[in-house]
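>>> Let's see this in three dimensions:
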Amino acid sequence: MAKSMTGFARNTASIAGKTVTIEISSVNHRFLDCSIRLPGPWVSIETSLRECIKKHVSRGKLNVFVRHGRGTGITPPIHLDQERAMQYIEASRKLMHEMRSTDALSLNTLITLDGVMSTVEEEPDMKAVENILASALEEALGQLNDMRAREGNALVEALSQHLKALHKSMTRVEERASELTASHEERLRRRMEEINAEVGVKEERLAMEVAVMAERMDVTEELVRLKAHIEHAHDIMAADSAIGRDLNFLTQEMQREVNTLGAKLRSVDTSRDIIEMKGEVEKFREQVQNIE
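Just a heads-up that it's a prediction; the model follows:
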C-alpha cells in the first residue's frame, strides 16, 4: 500500500502520575531522518524509540516531541537544606556588619535562594518509562500511517491519471510516427536525387544516406521502452511496500524516452503531443516526491 510522506499524529500516556503527550509530524525527505525531543531525564531511551520508528516508517523527515503535562499524582515533598540556609544567614550578617547596614535577610528572600528549598522526586524507573513510551509511540505511529495511507491512495489515483494521459499522447505519437518517417524519407530521397542530378552521386551512396536518416528517425525502441515503463509503474503502485524510490528512478527513465522522442520527431504534427507527454511526466515526478 502506497503511503504519503506527510502526516501528523498525537497520543497521550500516564507516567508516574503525569500526563505525557507524544506528537509526530512527518514531511518529505529522500531518506528516513528522525528527530526526537525528550525530557532531559529520558534521553537514554532515545535509541530504543528510534528503532521502534524504523519498524513503521522507511522514508520521510519525522519530528517526534515528547512533553510532560500536568501531574495527577501525589505532590513530591519539599526538602529544606538548613545548613545551606544558615550559610546564607551568616553571610548576610557579615555583609551587614561590614556595610554597617540594618537591612536583614528576610525569610521570604531566604527561601528563594538557590539550594535552600527544593522538591524531592523519586528516581524514575527507566525500564517502565521506556515500555510505556514505546507503547504510546506505537499507537501514534499507527495513527500516522493510517493518515499517510489515506493520502497515499489519493496520490496513487493522481499518478494513475497522469500515466493514462501519458499513454494516450504516446499512442497518438505512435500512430503518426510511421507516417512521419515515410514522409521524411520521401522528401529526403527527392532532395538527394536533386543533388545527384547536380553533382553526380552514386545510387548506392544515396540509398545509404536515406537509410541512415530513416534510422535516426525511427522511434520504435523508444516507444516500446516507454510502454514498458508505464506498465512497470502500474505494477509498482500496486505493490504492498515502500514504492517512492522505485517510482522516482522509473520517472527518470520515462523522461529520458520522451526527450528522445522529442529530439527525433520534430514535426509540427507531433510537437503538441510531445509537449503534453513531457508535462505529464513532470507532474508524475512531482507527485512521486510525496510517496514513501
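
>>> could I get stretch 45-54 in PDB with only the CA atoms?
What follows is stretch 45-54 as a C-alpha-only set of coordinates in PDB (Å, rounded to 0.1, in the frame of the first residue of the first chain):
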ATOM      1  CA  ILE A  45      15.800   5.700  25.900                       C
ATOM      2  CA  GLU A  46      16.000   7.700  22.600                       C
ATOM      3  CA  THR A  47      17.800   4.800  20.800                       C
ATOM      4  CA  SER A  48      15.100   2.300  21.500                       C
ATOM      5  CA  LEU A  49      12.400   4.700  20.400                       C
ATOM      6  CA  ARG A  50      14.200   5.400  17.200                       C
ATOM      7  CA  GLU A  51      14.400   1.600  16.500                       C
ATOM      8  CA  CYS A  52      10.600   1.500  17.100                       C
ATOM      9  CA  ILE A  53      10.100   4.200  14.500                       C
ATOM     10  CA  LYS A  54      12.200   2.400  11.900                       C
END
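
>>> What are the buried residues along that stretch?
By 16 or more other Cβ atoms under 10 Å, the buried positions in stretch 45-54 come out as 45, 49, 52-53. Every C-beta, even on glycine, is put in place using the N, C-alpha and C of the backbone.

>>> Filter these down to the ones in helices?
49, 52-53 (DSSP state H).

>>> from the residues you listed, which single one is nearest residue 1?
Closest approach between those and residue 1, by Cβ to Cβ: residue 53, at 18.5 Å.

>>> For the closest one, which non-adjacent residue is closest in space?
residue 34 (5.5 Å; Cβ to Cβ, 6 or more residues apart in numbering).

>>> How about residue 259?
Counting by Cβ to Cβ, 6+ apart, residue 278 is the residue found nearest to residue 259 once chain neighbours are left out, at 7.6 Å.

>>> for that neighbour, what are its contacts?
255, 258-259, 262 (Cβ atoms under 8 Å, 6 or more residues apart in numbering).

>>> Among the residues you listed, the buried ones, what's the ChimeraX command?
ChimeraX command restricting the contacts of residue 278 to the buried ones, with burial defined by 16+ other Cβ under 10 Å:
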select :255,258,262
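
>>> got a list of contacts for stretch 254-267?
Counting by Cβ under 8 Å, 6+ apart, 166, 173, 176-177, 180, 216-219, 222-223, 225-226, 229-230, 233, 271, 274, 277-278, 281-282, 284-285 sit against stretch 254-267.

>>> Inside helices: which ones of the residues you listed?
Here DSSP H is the test, and the contacts of stretch 254-267 give 166, 173, 176-177, 180, 216-217, 222-223, 225-226, 229-230, 233, 271, 274, 277-278, 281-282, 284-285 as lying in helices.

>>> which of those residues count as buried?
Using 16+ other Cβ under 10 Å as the burial test, these include 166, 173, 176-177, 180, 217, 222-223, 226, 229-230, 233, 274, 277-278, 281, 284-285 as buried.

>>> and residue 228, how far is that from residue 263?
Per Cβ to Cβ, to the nearest Å, residue 228 is found 20 Å from residue 263.

>>> Do you have the helices of the stretch 101-250 of the chain handy? List them.
107-110, 126-199, 203-217, 220-237, 244-264 (DSSP state H, counting those that start in this stretch).

>>> Relative to the whole chain's centre, how far out is the shortest one?
If you compare the mean C-alpha spot of helix 107-110 with that of the full chain, they lie 55 Å apart, counting by Cα atoms, centre = their mean, to the nearest Å.

>>> Pull out the buried positions in it.
Result for helix 107-110 [16+ other Cβ under 10 Å]: no buried residues.

>>> next one: stretch 140-155
140-141, 144-145, 147-148, 151-152, 155.

>>> Now that we have those residues, can you turn them into CSV and tack on pLDDT and distance to residue 17?
Listed next are the buried residues of stretch 140-155 as CSV, based on pLDDT from 0 to 100; distance: Cβ to Cβ, whole Å:
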residue, pLDDT, distance to residue 17
140, 97, 21
141, 97, 25
144, 96, 27
145, 95, 31
147, 96, 31
148, 95, 33
151, 94, 37
152, 94, 39
155, 95, 43
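
>>> That'll do, ta.
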